[in-house]
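> with the sequence up front, the predicted model follows.
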Amino acid sequence: MGIEELNSQKSGLLSSISHQQGQLAELQMKLRRLITAKGKFVNNLEAIKQNQEQFKSLEINESSWKGQRATTFKETYEQQVISNLGRFIGELGRVQEDIDQAIRRLEREIAACESSIASLSRSVSMVDASIQVEVQKVGK
């Protein structure tokens with residue numbers, strides 16, 4: 001291969017490296033944002049769980065609520081409020097799992113991108129070596 005072809009090949013490889021580095025920076029930024037969001041989400045989830053405990057421990061005022069009305073309120077409260085809050089917290093747990101999966105996916109994409117950059121860099125080194133060989137041939 002001639003020097004011009006090798007230089008063209010090197011230029012293409014360097015362009016690919018630049019593109020991969022741009023993708024890597026974008027992926028890393030997404031990962032940082034997602035990790036920050038997860039931290040806020042987990043804090044809020046813990047606060048909601050604490051509130052759930054408070055909701056579970058609520059007691060009605062026995063002097064204001066008596067008889068059938070008190071029983072109906074307790075049953076409705078447990079069926080509607082406590083039950084729905086438990087389901088909501090369960091859904092939030094699944095959302096957290098989805099966030100964790102997204103983080104793992106981004107980490108895999110980052111690793112693949114870094115591997116690609118390393119491979120392209122090795123290819124540039126090999127092309128540089130070939131260019132040096134061609135330059136020495138021309139110089140002789």
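Received the coordinates, thanks.
> the one helix or strand A112 maps to packs against which elements?
Using DSSP states H and E, A112 falls within helix 83-139. The contact analysis (3 or more CB pairs under 8 Å, 6 or more residues apart in numbering; DSSP states H and E) places helix 83-139 against helix 3-56. Backbone N, C-alpha and C define where each C-beta goes, glycine included.
> picking that back up, now the angle from the helix holding A112 to helix 3-56?
Taking axes from the mean of the first three to the mean of the last three CA atoms, to 10 degrees, one finds helix 83-139 and helix 3-56 inclined to each other by 170 degrees.
> distance between helix 83-139 and the chain's centre?
Here helix 83-139 is found 13 Å from its chain centre; the criterion is CA atoms, centre = their mean, to the nearest Å.
> and the residue nearest the centre of the chain, what does it touch?
The residue lying closest to the centre of the chain (CA atoms, centre = their mean) is I103, at 2.7 Å. Counting by CB atoms under 8 Å, 6 or more residues apart in numbering, I103 touches L31, L34, I35, K38.
> can you rerun that using 10 Å?
K30, L31, L34, I35, A37, K38 (CB atoms under 10 Å, 6 or more residues apart in numbering).
> any idea of the mean pLDDT in the helix holding A112?
Taken as a whole, helix 83-139 has a mean pLDDT of 95.
> which of the contacts of I103 sits closest to E91?
K38 (16.1 Å; CB to CB).
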